[in-house]
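Student: Structure for this input, please:
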Amino acid sequence: MMSILISISAIIPIVAVIICILCFKRNAVFSSIVGLATAGIIVIAIDSYRISVSQLLGVLQSALILSLSAVLVIIPGLYLNGVIRGQGYINKITNWFESISIVPEKKALILLLGFLPAVESLTGFGVSMFLSVPILFKLFPSKKALKLALLGMNIMPWGTLGLATVIGSSLIQVYPTKLGTLTSLTSFLVFPYIGLVSLYVIGGLKALLKYMSTALLLGFSLSGLLFINNYYIYTETAGVIAGTVTGLLGFYLSFSKKNQIKSIWKNKLLKIFLPYILILILISVTRLIQPLNYFITNAIVLKSHNVKFSVLSSPGIVLLVVAIILQQKQPITVSYLQVLQKAKNACLSITSFLILSQLMLQSGMIKNLAVTLSQHTQQAILLMLSPFMGMISGFTTGSNVGGNALLIGVQNRIGQEWNQGTLFAAVNNSAAGHTVFSSIPIIILVLTIVKDENIFSHFQANESQLLKFTLKVSIGIYIAILLSFYAIFHINGESILF
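Tutor: Here you go, the predicted model:
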């Protein structure tokens with residue numbers, strides 16, 4: 001009994017974080033620090049979790065290396081977004097998309113299952129909503145447009161060039177390809193479901209029945225292309241390529257005449273999408289040219305006993321290079337101070353969560369908690385609990401990276417009891433990422449964008465109504481992930497693929 005109580009005590013830091021956010025309405029930075037302090041007290045108080053000074057230094061070293069890998073994507077990504085907005089690329093893309101003659105329902109599906117995932121995969125942190133909000137508010141009434149903008153945030157496991165998946169793979173020490181591929185499978189039913197929900201939001205049952213085939217086709221296209229790109233190409237660019245190809249497929253299916261297809265290439269389209277094309281080209285060059293890839297991968301490498309990070313291979317370097325190229329082409333003023341202020345909370349919360357996860361890992365909390373859960377919980381209950389745990393982590397932290405830092409280690413260790421540790425980690429990655437859209441930070445972000453763009457004239461946004469909507473949608477996301485997870489687990493999909 002005492003050993004069980006000691007093992008269960010390992011969950012107290014996680015519970016402390018959740019209580020701080022949900023009950024006391026504190027932000028992720030404060031809550032993660034409370035969780036870290038709680039873990040520290042447990043380590044000092046319980047002999048089973050004591051760690052040495054050298055282990056503690058290892059915890060800090062691993063966490064800081066992982067944090068740096070996130071910071072090197074976040075700050076250049078936000079800076080690039082400032083450049084792109086300042087140079088008018090967002091407005092040009094918005095105007096181009098509005099000029100295409102397609103029914104609003106299909107336009108919404110092309111956005112939500114195609115181009116918005118592609119943009120969010122390149123930049124992350126809700127940047128795609130700067131593109132989606134103006135378009136959606138011109139196509140639909142305010143209440144519907146707000147809900148659709150939130151639904152467009154469901155690519156998170158591949159957002160910011162797969163940042164959450166890459167860091168998650170480092171936390172459980174597997175290749176990003178493996179975690180990304182299994183995540184694409186656990187997420188497989190989510191995107192068709194999002195398409196169907198979007199149609200219902202737009203026009204109820206009538207729109208759902210009329211355009212259901214398009215929603216399912218584009219949803220499964222995005223899911224299938226994510227799998228292909230993760231398994232055969234690169235996790236970092238999977239969301240970009242899958243979203244872009246799905247968006248183009250949506251255009252092709254929506255046009256009845258060949259001259260309409262040609263019309264989408266008017267108005268110097270390649271020039272309008274120049275920043276995104278440059279990013280894809282540079283990433284492809286650095287990955288495909290082997291001598292260059294070898295140099296970049298091995299030139300500057302930061303290591304700890306369980307973490308390895310190649311600095312020059314960070315996608316953030318590519319984002320920074322593209323921002324510099326664009327600035328040389330058309331110089332504009334971007335406030336570095338504002339970029340750092342926007343990045344501050346995300347960087348601090350991620351760092352705190354990563355220190356917490358490494359402390360729980362090195363002290364043995366994660367192992368004890370996972371073993372206790374797997375030994376004293378029926379398999380069927382654990383399978384149902386795993387996606388729920390992932391969703392809680394994403395909702396509470398408001399971040400796919402934060403959600404992974406909080407619980408992916410526990411999930412991986414539970415899965416190891418059936419030699420499917422990466423599959424359980426993929427469920428956490430998938431569930432956390434797809435639930436971020438329902439979190440308070442994302443809801444506040446979309447309302448802030450709406451306010452900044454001066455879109456509302458008389459309609460007053462209601463945060464609680466949006467929260468209720470996203471939580472209802474999350475029930476379907478849970479069922480979609482659970483069905484995929486259950487199937488993959490019982491056919492032992494991890495061993496079949498790898």
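Student: packing partners for the one helix or strand residue 98 maps to?
Tutor: Using DSSP states H and E, residue 98 sits in helix 89-99. Packing contacts for helix 89-99, counted by 3 or more C-beta pairs under 8 Å, 6 or more residues apart in numbering; DSSP states H and E, involve helix 128-139, helix 269-272. For glycine as for every other residue, the C-beta is placed from the backbone atoms N, C-alpha and C.
Student: Where among these is average confidence lowest?
Tutor: Lowest mean pLDDT of these: helix 269-272, a mean of 77.
Student: longest single helix anywhere in this structure?
Tutor: Using DSSP state H to define each element, the chain has its longest helix at helix 190-232.
Student: Can you get me a residue count around residue 477?
Tutor: Residue 477 has 25 neighbouring residues, counting by other C-beta atoms under 10 Å.
Student: what's the angle from the helix holding residue 98 to helix 128-139?
Tutor: Comparing the axes of helix 89-99 and helix 128-139 via axes from the mean of the first three to the mean of the last three C-alpha atoms, to 10 degrees yields an angle of 30 degrees.
Student: quick one on the thing from earlier: just name the most buried of the helices and strands packed on helix 89-99.
Tutor: Most buried of those, by mean neighbour count (mean count of other C-beta atoms under 10 Å): helix 128-139, with a mean of 22.
Student: Give me the residues contacting that helix.
Tutor: Applying C-beta atoms under 8 Å, 6 or more residues apart in numbering, the contact partners of helix 128-139 are 81, 85, 90, 93-94, 97-98, 104, 107-108, 111, 115-117, 119-120, 144-145, 148-149, 152-153, 445-446, 449-450, 453, 455.
Student: chain center to stretch 342-361: distance?
Tutor: Stretch 342-361 sits 16 Å away from the centroid of its parent chain (C-alpha atoms, centre = their mean, to the nearest Å).
Student: Quick one: mean pLDDT for it?
Tutor: In the prediction, stretch 342-361 has an average pLDDT of 81.
Student: For the stretch 101-250 of the chain, give me the ranges with low pLDDT.
Tutor: 123-127 (pLDDT under 70).
Student: Check which helices and strands the longest helix of the chain sits against.
Tutor: helix 104-110, helix 142-151, helix 176-186, helix 238-254, helix 463-490.
Student: quick one, the third one and helix 190-232 angle?
Tutor: It stands for helix 176-186. Using the same axes, to 10 degrees: helix 176-186 against helix 190-232 is 150 degrees.
Student: how distant is helix 176-186 from the center of its chain?
Tutor: Helix 176-186 sits 13 Å away from the centroid of its parent chain (C-alpha atoms, centre = their mean).
Student: those helices in the stretch 251-400 of the chain, which residues are they?
Tutor: 258-263, 269-272, 274-288, 290-299, 315-329, 336-362, 365-376, 379-397, 400-415 (DSSP state H, counting those that start in this stretch).
Student: can you list contacts of the shortest one?
Tutor: Helix 269-272 is contacted from outside by 89, 92-93, 96, 277, using C-beta under 8 Å, 6+ apart.
Student: Among the residues you listed, which one sits closest to residue 389?
Tutor: residue 93 (37.6 Å; C-beta to C-beta).
Student: Quick check, pLDDT for the closest one.
Tutor: 79.
Student: Out of the helices and strands packed on helix 89-99, flag the one nearest residue 36.
Tutor: Short answer: helix 128-139, nearest of the helices and strands packed on helix 89-99 by C-beta to C-beta, at 30.6 Å.
Student: pull the CA atoms of that closest one into PDB?
Tutor: The C-alpha trace of helix 128-139 is given here as PDB (Å, rounded to 0.1, in the frame of the first residue of the first chain):
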ATOM      1  CA  SER A 128      -2.800  31.200 -39.700                       C
ATOM      2  CA  MET A 129      -5.700  33.000 -38.100                       C
ATOM      3  CA  PHE A 130      -4.300  36.300 -39.300                       C
ATOM      4  CA  LEU A 131      -5.100  34.900 -42.700                       C
ATOM      5  CA  SER A 132      -8.300  33.000 -41.900                       C
ATOM      6  CA  VAL A 133     -10.200  35.600 -39.800                       C
ATOM      7  CA  PRO A 134     -10.600  38.300 -42.500                       C
ATOM      8  CA  ILE A 135     -11.600  35.700 -45.200                       C
ATOM      9  CA  LEU A 136     -14.100  33.900 -43.000                       C
ATOM     10  CA  PHE A 137     -15.700  37.000 -41.700                       C
ATOM     11  CA  LYS A 138     -16.400  38.100 -45.300                       C
ATOM     12  CA  LEU A 139     -17.900  34.800 -46.200                       C
END
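Student: one step back: quick check on the contacts of helix 269-272: which are buried?
Tutor: 89, 92-93, 96 (16 or more other C-beta atoms under 10 Å).
Student: would you turn these into CSV with distance to residue 386?
Tutor: Formatted as CSV, those follow (distance: C-beta to C-beta, whole Å):
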residue, distance to residue 386
89, 40
92, 43
93, 38
96, 42
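Student: From the chain's centroid, how far away is the longest helix of the chain?
Tutor: On C-alpha atoms, centre = their mean, the centre of helix 190-232 falls 18 Å from that of its chain.
Student: do stretch 434-453 as well
Tutor: Distance of stretch 434-453 from the chain centroid (C-alpha atoms, centre = their mean) equals 14 Å.
Student: again with stretch 134-151
Tutor: 21 Å.
Student: measure it end to end?
Tutor: 15 Å (C-alpha to C-alpha, to the nearest Å).
Student: Kindly report the same for stretch 134-152.
Tutor: For stretch 134-152, the first-to-last residue distance is 13 Å (C-alpha to C-alpha).
Student: that older thread, between the helices of the stretch 251-400 of the chain, which has the poorest average model confidence?
Tutor: helix 258-263 (a mean of 58).
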